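Q: build the 3D model from these lines:
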Amino acid sequence: MPKKQSGNKKNKQSNFAKLSIFQPNKYRFKKNCPLSVKGAPKVDYKNVKLLKKYISENGKILPSRITNVSQKKQRELALCIKRARNLALI
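A: Numbers count the residues shown, from 1 in each chain. Here you go, the predicted structure:
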């Protein structure tokens with residue numbers, strides 16, 4: 001006679017399923033791009049005051065996950081910051 005298996009694997013939950021970090025997030029917050037809303041300032045290499053908000057103390061460009069800027073505006077912002085650096089405005 002074949003041996004019986006002890007326990008059913010389908011009913012057991014793995015430890016990974018119990019952890020909350022592996023479960024989908026129920027509370028998603030919609031991030032609004034501060035440069036895409038109505039009445040937002042235009043991104044330009046001459047607008048040094050705006051560009052300085054998106055640069056760290058060391059002069060590096062801040063990532064979009066920190067500043068909540070959309071991908072399209074982040075690329076535009078990076079290009080303008082590089083142009084302003086090249087012209088020694090920043």
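Q: what number of residues lie near Asn58?
A: The burial count assigned to Asn58 is 5, neighbours taken as other CB atoms under 10 Å. To be clear about C-beta, it is placed using only N, CA and C from the backbone, and glycine gets the same treatment.
Q: my error: substitute Ala88 in the last question.
A: Ala88 has 6 neighbours, counted by other CB under 10 Å.
Q: same thing with Val69?
A: Val69 has 23 neighbours, counted by other CB under 10 Å.
Q: the one 5 residues further on too?
A: Here the number of neighbours of Gln74 (other CB under 10 Å) works out to 21.
Q: equivalent analysis for the one 4 residues further on, please.
A: Ala78 is flanked by 15 other residues according to other CB under 10 Å.
Q: list the beta-bridge partners for the closest residue to it other than its chain neighbours.
A: If you skip the residues right next to it in sequence, Ala78 has Ile61 as its closest partner in space, 5.5 Å away by CB to CB, 6 or more residues apart in numbering. Applying DSSP bridges to Ile61 gives these bridge partners: Ile55.
Q: ok, Ile61 to Lys46 distance?
A: Distance, Ile61 to Lys46, by CB to CB, to the nearest Å: 17 Å.
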